[in-house]
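Novice: Structure of the sequence below:
(one chain, ligands or ions: 2)
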Amino acid sequence: MDLTVVSTFRCNSRCQMCHVWKYPTAPEQEISLETLAKLPGGFDNLNLSGGEPTLRRDLAEMIDILYPKARVMEISSNGLYPERLVPIIKKYPNIKVRFSLEGDESTSNRIRGEKDGHSTKVAGLRKLKEAGGTDLGFAFVIQDENVGQLLNVYEFARSQGFELATTTLHNAWQFYKNDNHFYDRTKVAKPIENLITELLKSRNVKNWFRAYLNLGLIEKVLGHERLIPCTAGSDFAFIDPWSDVWACNVRSDIPLGNLARQSWSEITHSDLASEGLKKVACCTQNCWMVTTARTAMRSRIVPQMPKMRPMTWVLKNKLKVALGKPICFEQYIDYGNVKPTRQVPRTSYLGTKHKGNKLDRNRQTPQERYPQLDYINE
Ligand code: SF4
Ligand code: SF4
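Specialist: Ligands and ions are numbered 1, 2, ... in the order given. You can find the predicted model right below:
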């Protein structure tokens, strides 16, 4: 149903919650156009991600290959090179583009280690709108440092005619990070309630289901069980820059195959894939990422439609909000049961010179590529 292509681990941001930029891939080792062409058509959502996908010189060619293979083609970018996306948007105006933004100017730049990031990406998204883009928005990683600005960023995005996607701290091979922990779970979770209410007030149906996705984020932040079981490996998969296919972007122990060496059909029908599905079925990780949670929320038969559980929740609470009544969050969320958290400081890399370790460019084995092995979300 959904696929994310992690096209590179090179990145020109220096985020505090994702250390991909410390482990850049060598361009010549990154997934090739020939390999991408082996993907079948018929995906619902195909996300071109990274690292930073605009650092790929063959970005336009990658899009030409991937665009016809999906109902929704998405590019997840840090937004620091918006001009590289302008010709792509002129050619394919309905490509979904999300630029990462973590709050007001100083907060966003500090979290993301970007000198003029905020102004560049805001101006850049406007440029994409002028170029004819029809599905543009920001993506916000909710964390202790910026949760107080969540509602402001939503209002700002709305005022500009942009969408706002939200996610929160995770540990994952895709981020080269295994020590992202909330400092205070309740303080991070509680303000998300206000966003949920505002999303339900909006006339945008997508926002109503984002409200449910944010309810799942509250549960994740507090350390509670997922709202909907995970469908990794069957409804979504990830391809990393070395063309390895994974059930999800968190666990580096659920490989499915390698698209450079195998066909898509060989991968999906392999013993490795069957073993992977068994691991997913008993996975105890507490994760709720935007890419994978939104897949789990949708029907497998008609992916444009939600599953019954989110549908019922949305209809009930949309009606409440429309009648001017408050949402009874305590009915869904047990704030009396908050998992303990570890205190691992996150540091801003704004102004630092660290450019990544060139030695890491020659990683050959999965163990060398993902040395932290067990990426844990509690
Ligand atoms: S979160 Fe995105 S922009 Fe930030 S370092 Fe990771 S890949 Fe780069
Ligand atoms: S629940 Fe487990 S299998 Fe599913 S995305 Fe999270 S880590 Fe991966």
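
Novice: and I75, what element?
Specialist: strand 70-77 (DSSP states H and E).

Novice: quick check: mean pLDDT across that strand?
Specialist: Average pLDDT, strand 70-77: 98.

Novice: Beyond it, next helix or strand please.
Specialist: helix 86-91.

Novice: now the angle from the next helix-or-strand element following that next one to strand 70-77?
Specialist: Next along the chain after helix 86-91, taking DSSP H and E as the criterion, comes strand 96-100. Here the directions of strand 96-100 and strand 70-77 differ by 20 degrees (axes from the mean of the first three to the mean of the last three CA atoms, to 10 degrees).

Novice: contact partners of strand 96-100?
Specialist: By CB atoms under 8 Å, 6 or more residues apart in numbering, the residues outside strand 96-100 that reach it are 13, 15, 72-79, 82, 85, 89, 112, 121, 124-125, 128, 133, 135-141, 163, 165. (Glycine included, C-beta is placed from N, CA and C.)

Novice: The residue of the stretch 151-300 of the chain found nearest ligand 1: how many residues sit nearby?
Specialist: Here the residue of the stretch 151-300 of the chain nearest ligand 1 is F175; by CB to the nearest ligand atom that distance is 6.1 Å. A count of neighbours around F175, defined by other CB atoms under 10 Å, yields 18.

Novice: Any idea how far apart the tips of stretch 124-143 sit?
Specialist: Counting by CA to CA, to the nearest Å, you get 24 Å between the two ends of stretch 124-143.

Novice: hmm, it in reach of ligand 1?
Specialist: No. Judged by CB under 6 Å from any ligand atom, stretch 124-143 stays clear of ligand 1, getting no closer than 7.4 Å.

Novice: Now do the buried residues in that stretch.
Specialist: By 16 or more other CB atoms under 10 Å, the buried positions in stretch 124-143 come out as 124-126, 128-129, 131, 133, 135-143.

Novice: now, which of those residues sits nearest ligand 2?
Specialist: Among the buried residues of stretch 124-143, and counting by CB to the nearest ligand atom, the member closest to ligand 2 is V141, at 16.6 Å.

Novice: quick one: pLDDT of the residue of the stretch 151-300 of the chain closest to ligand 1?
Specialist: 96.

Novice: From Y375, how far out is it?
Specialist: Using CB to CB, to the nearest Å, we find F175 at a distance of 8 Å from Y375.

Novice: Same question for M311.
Specialist: Taking CB to CB, one finds M311 at 32 Å from Y375.

Novice: Of those two, which one has the most company?
Specialist: Using other CB under 10 Å, the more surrounded residue of M311 and Y375 is Y375, with 24 against 16.

Novice: Just the element for E155, please.
Specialist: Per DSSP H and E, E155 falls inside helix 150-159.

Novice: what does whichever helix or strand comes after that helix rub up against?
Specialist: Next helix or strand after helix 150-159 toward the C-terminus (DSSP H and E): strand 163-168. Strand 163-168 is contacted from outside by 98, 135-143, 150, 153-154, 157-158, 188, 192, 195, 206, 210, 213-214, 217, 220-221, 288-290, using CB under 8 Å, 6+ apart.

Novice: and if you look at stretch 364-378?
Specialist: Here stretch 364-378 has contacts from 170-173, 176-178, 181, 220, 223, 240, 242, 244, 250-253, 255, 285-287, 339, 341, 363, using CB under 8 Å, 6+ apart.

Novice: just the buried members of the residues you listed?
Specialist: Buried members of these, scored by 16+ other CB under 10 Å, are 170-173, 176-178, 181, 220, 223, 240, 242, 244, 250-252, 255, 285-287, 341, 363.

Novice: Among these, which are located in helices?
Specialist: Judged by DSSP state H, helices contain the following of these: K220.

Novice: can you tell me which of the buried ones among the contacts of stretch 364-378 are up against ligand 2?
Specialist: Checking those against ligand 2 (CB under 6 Å from any ligand atom), the matches are 250-251, 285, 287.

Novice: Does the helix or strand bottoming out on mean pLDDT in the chain reach ligand 2?
Specialist: The helix or strand of the chain with the lowest confidence, counting by mean pLDDT, DSSP states H and E, is helix 290-296 at a mean of 83. Yes. Under the criterion of CB under 6 Å from any ligand atom, ligand 2 is reached by helix 290-296 at T292.

Novice: immediately after that helix, which helix or strand?
Specialist: As assigned by DSSP H and E, the chain's next helix or strand after helix 290-296 is helix 308-322.

Novice: what helices or strands is that following helix leaning on?
Specialist: Where contact means 3 or more CB pairs under 8 Å, 6 or more residues apart in numbering; DSSP states H and E, helix 308-322 is packed against helix 192-201, helix 205-222.

Novice: Let me know which of those is tucked in deepest.
Specialist: Of the helices and strands packed on helix 308-322, the one with the most neighbours on average (mean count of other CB atoms under 10 Å) is helix 205-222, at a mean of 22.

Novice: Measure how far it is from the centre of its chain, please.
Specialist: Remark: helix 205-222 is offset 14 Å from the chain centroid, using CA atoms, centre = their mean, to the nearest Å.

Novice: before we move on, what about stretch 341-353?
Specialist: Using CA atoms, centre = their mean, the offset of stretch 341-353 from its chain centre is 20 Å.

Novice: Would you indicate which residues of it are buried?
Specialist: For stretch 341-353, burial by neighbour count (16+ other CB under 10 Å) applies to 341, 346, 348-350.

Novice: Do that stretch and ligand 1 come into contact?
Specialist: No. Under the criterion of CB under 6 Å from any ligand atom, stretch 341-353 makes no contact with ligand 1; the nearest approach is 9.2 Å.

Novice: burial of E225, as a residue count?
Specialist: 11.
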